[in-house]
Structures are given as C-alpha cells and as structure tokens.
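Engineer: missing the sequence, but the structure's below:
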C-alpha cells in the first residue's frame with residue numbers, strides 16, 4: 001500500500017485551495033474601495049450634492065461588476081458587505097429623488113445583501129428626516145418618514161431569518177427604536193407647526 005493516490009489528490013486540492021485563497025484576499029482588499037465609494041455617495045447625498053452621490057454610486061457599481069467575476073461559489077459571501085453598502089446608497093438616492101426604490105434584480109445583488117442594505121438605509125432616512133425638519137421642510141420630512149416606517153414594517157418579518165441573514169434581527173431591533181424616535185419628533189413638530197398656524201391666523 002502506497003500514498004501515491006493521496007499525494008496526487010492533495011497536490012490538486014492544494015492548488016485549488018491556493019487559487020481560492022488568492023481570490024479571497026483579492027476580494028477583501030479590493031472591495032474596500034466599493035465600500036468607501038458608497039460611503040462617499042451617502043455623505044454627498046446628505047450634503048445635498050446628488051450629482052456627486054450618483055457619480056460615486058456609479059463607480060461602485062462598475063467595480064462590483066468586475067469583482068463579481070472573481071467571486072464564484074463560496075467566495076460570493078465576500079461580496080455581501082460591499083453589495084449591502086451599494087444597496088443602501090442606491091436606495092437612499094432613489095428616495096431623495098422621489099423615485100421607486102430599486103429591486104434586488106435591478107441592482108444585481110444577492111438577496112441577503114438587499115435585505116441588509118435596506119435595513120441600513122432606514123438609519124440614513126432618519127438623518128434625512130431630521131435635516132428636513134431643521135430647514136423647515138416638514139412635508140418632505142413626513143414623506144421620508146412614511147417611507148422609513150413602511151420599509152421597517154416590510155422588513156420586520158425577516159428577523160425570523162436571522163440564522164440565514166446574519167445581523168438581520170439586530171438591525172431590525174435597532175430600526176424599531178429609530179422609527180419610534182423619529183415618529184415622536186415628527187408628531188411634536190406637526191403639533192408645533194399647527195400651533196404656529198393658529199397663532200398666525202389670530203394675529204391677522
């Protein structure tokens with residue numbers, strides 16, 4: 001009895017694992033640029049610079065297409081985070097532009113990435129609501145809050161898939177608090193606005 005077959009098998013496995021490891025390191029290193037571009041996109045949107053936000057998102061999308069070719073089989077999981085960030089930025093831009101939120105098919109992302117990206121987008125919508133209130137755009141703040149709340153309600157049931165979609169339950173719990181906080185602020189602001197209107201009528 002010899003180890004001839006074992007050696008042949010192990011040599012082949014070693015080469016395959018080496019290729020997988022190289023591809024993994026390549027993806028981890030290079031997808032950071034996508035995450036950075038998406039973060040810049042979100043920051044630009046909050047600053048009111050939609051043009052820059054869309055430009056950064058487009059660059060991130062182009063890079064994603066390139067790296068997807070490297071992410072085959074089990075390596076696809078290394079694209080979840082960059083795809084998640086891409087979804088978050090794309091959805092935020094759509095909402096700010098009064099457009100339909102794109103589907104997972106339209107964005108060409110994995111289901112897990114889509115769910116997590118939408119959950120993260122809820123946090124960005126909170127900032128949008130507060131920014132609109134700050135500059136007196138109450139109607140727009142209410143429109144965004146309505147989307148924020150509906151998104152949360154649509155995603156709430158996905159907490160049952162926490163073992164499959166990691167972090168889903170935690171993000172949903174956090175979002176529940178965010179929605180409640182924003183609802184309180186919106187309600188208070190609405191009352192304040194109505195009182196101001198009443199006093200303005202009385203002064204006439």
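Structural biologist: Cool, got the structure. All values reported here derive from a predicted model rather than from experimental measurement. Numbers count the residues shown, from 1 in each chain.

Engineer: In this structure, mark out all the helices, start to finish.
Structural biologist: 4-46, 50-68, 80-96, 104-107, 111-134, 138-155, 168-203 (DSSP state H).

Engineer: Which phi and psi values does residue 101 adopt?
Structural biologist: phi -70, psi 130 (degrees, to the nearest 10).

Engineer: quick revisit: pick the most buried one from the helices of the chain.
Structural biologist: Highest mean neighbour count of the helices of the chain: helix 80-96, a mean of 23 (counted as mean count of other C-beta atoms under 10 Å). Yep, even glycine has a C-beta here, placed from its N, CA and C like the rest.

Engineer: by how many degrees do that helix and helix 111-134 diverge?
Structural biologist: Counting by axes from the mean of the first three to the mean of the last three C-alpha atoms, to 10 degrees, helix 80-96 points 40 degrees away from the direction of helix 111-134.

Engineer: Which pLDDT value goes with residue 198?
Structural biologist: Residue 198 carries a pLDDT value of 72.

Engineer: my guess is residue 121 contacts residue 92, does it?
Structural biologist: Yes: the pair residue 121 / residue 92 is scored as a contact, 5.5 Å apart, by C-beta atoms under 8 Å.

Engineer: how about a markdown table for the helices of the chain, with distance to residue 161 added?
Structural biologist: Below are those laid out as a markdown table (distance: least, C-beta to C-beta, whole Å):
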| stretch | distance to residue 161 |
| --- | --- |
| helix 4-46 | 24 |
| helix 50-68 | 23 |
| helix 80-96 | 14 |
| helix 104-107 | 15 |
| helix 111-134 | 8 |
| helix 138-155 | 11 |
| helix 168-203 | 6 |
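
Engineer: Might you report the residue contacts of residue 97?
Structural biologist: residue 50 (C-beta atoms under 8 Å, 6 or more residues apart in numbering).

Engineer: Now it: phi and psi?
Structural biologist: Torsion angles, degrees, to the nearest 10, at residue 97: phi -90, psi 10.
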